[in-house]
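Asker: model the structure of this input:
(2 chains)
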Amino acid sequence: MSSEPIHGPARGDDSRPDDAVLDQVVDDVGRGITFERYRPERYGDVLDMYADFAPKHRAQGLPPSTDAGRTEWLSVVLDELSVLAVHDDAVVGHAVLVSDDAGEHELGVFVHQDHQDAGVGTALLDATFAHARSLGVTDVWLTVARSNYRARHVYDRLGFVEDGSSGRSVRYSRRL
Amino acid sequence: MTESKRPAAAGSDDLGVASDVRARRDRHETVLLPVGYGDAERVETLASTAAEVAGMMETTVRVLHVFTEDRYADVRDRLNYHEDERPEPDELVGRVAPVRDVVGRLEEPLRAWGTTMDVDARVGDDVAGEIVAAADAVDAKRVLVGGRRRSPTGKVVFGSTAQRVALNAPCPVTFVRDD
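Answerer: Residues are numbered from 1 along each chain as shown, chains lettered A, B, ... in the order given. Okay, the predicted model is just below:
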């Protein structure tokens, strides 16, 4: 791994793959994780992660449980702002920000079960928010199951504020 | 010549409701079927459920669309109205795809049940409040609402509009779930 600091991509130059790299970290168990902007070259790797996603880690209907469902869903979310966590050239995490009709962005974050509990999700969100900020995203929100205390704790620590609830979900938001 | 650029108003009459399933106003009790952009994927279930409920209750179906102010302005602008004009929301509702879909899919089951429909529209940012007001205004016997929504990232969430309609409607509310 290069010891050079990684700088953000040069605007307007998408030709070199390295330009996709946003940040690199070592996770809590010593694995090197690279955060990249999504590029179509990674589509197959993204599909692979979701095809192997443990059903018990699905939440609020995501990721979809069928091949067709995943293809359709990805055609929507990959079209917007996506950041990938990559380890050993495999996609192990994916964060998406999808614009709503109020000028804000809904956050979704998915970490493969083999890379959970190692700080990957939090670092992925840090990289995603920095990237999103540079693209002019200002307001981010999400909903999470009321009973998902682990995830809610993560969003608390990341500066999200609980600002609503609906049925079994609570809503969090923050400004970037 | 603003006039000449304006297309014919796409009012509920232009939705192509066949005459034998078109409600004559004030002649029937009504079940209210609010339809929004979030309902696009469940129009079939909404239509068949509404026809069944209306058939058994011997009422007509009133399809309702509530425009938020922003959507109303979008649709009005697309139809080349001047920004100072306030066309009746009824004149714009034919431009709302899920409303067109629901109306199209209602025809056959309504005919089978021997009942009818009409189409209404309102403007307001408090969508649940407008639905409740419409139910009040028509003394609806039942409101049908889609009970789930998909968020922009595709999460299945319980719609807050449905929840607020259920809590505030002047009549029983039927949830139409789509999975």
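
Asker: please, where are all the strands along the chain?
Answerer: Since you didn't name a chain, this refers to chain A. For chain A, the strands defined by DSSP state E occupy A:21-26, A:32-37, A:81-87, A:90-99, A:105-111, A:139-145, A:161-166, A:169-175.

Asker: sorry, should have said chain B
Answerer: Counting by DSSP E, chain B has strands at residues B:30-34, B:60-67, B:117-123, B:142-146, B:148-150, B:156-158, B:173-176.

Asker: which one of the strands of chain A has the lowest average pLDDT?
Answerer: Ranked by mean pLDDT, those bottom out at strand A:161-166, with a mean of 88.

Asker: that one close to chain B?
Answerer: Yes - interface with chain B: strand A:161-166 contributes A:164, A:166 (Cβ under 8 Å from any Cβ of the partner chain). Bear in mind the C-beta positions are built from the backbone N, C-alpha and C, glycine included.

Asker: reformat the strands of chain A as TSV; add distance to residue B:58 and mean neighbour count.
Answerer: Formatted as TSV, the strands of chain A follow (distance: least, Cβ to Cβ, whole Å; neighbours: other Cβ atoms under 10 Å in any protein chain shown):
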stretch	distance to residue B:58	mean neighbour count
strand A:21-26	62	18
strand A:32-37	59	21
strand A:81-87	52	22
strand A:90-99	44	22
strand A:105-111	43	23
strand A:139-145	40	20
strand A:161-166	34	13
strand A:169-175	38	18
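
Asker: of those, which is nearest residue B:61?
Answerer: Relative to residue B:61, the nearest member of these by Cβ to Cβ is strand A:161-166, separated by 27.2 Å.

Asker: could you spell out the sheet neighbours of that closest one, each with its direction?
Answerer: In the sheet containing strand A:161-166, its partner strands are strand A:169-175 (antiparallel), by DSSP bridges.

Asker: the strand it pairs with to strand A:139-145, inter-axis angle?
Answerer: 160 degrees (axes from the mean of the first three to the mean of the last three Cα atoms, to 10 degrees).

Asker: that older thread, which of the strands of chain B is buried the deepest?
Answerer: Sort these by mean neighbour count, taking mean count of other Cβ atoms under 10 Å in any protein chain shown, and strand B:30-34 sits at the top with a mean of 29.

Asker: do you know which of the strands of chain B lies nearest residue A:156?
Answerer: strand B:156-158 (20.3 Å).

Asker: average pLDDT across that closest one?
Answerer: 73.

Asker: next one: phi and psi at residue A:102?
Answerer: phi -110, psi 10 (degrees, to the nearest 10).
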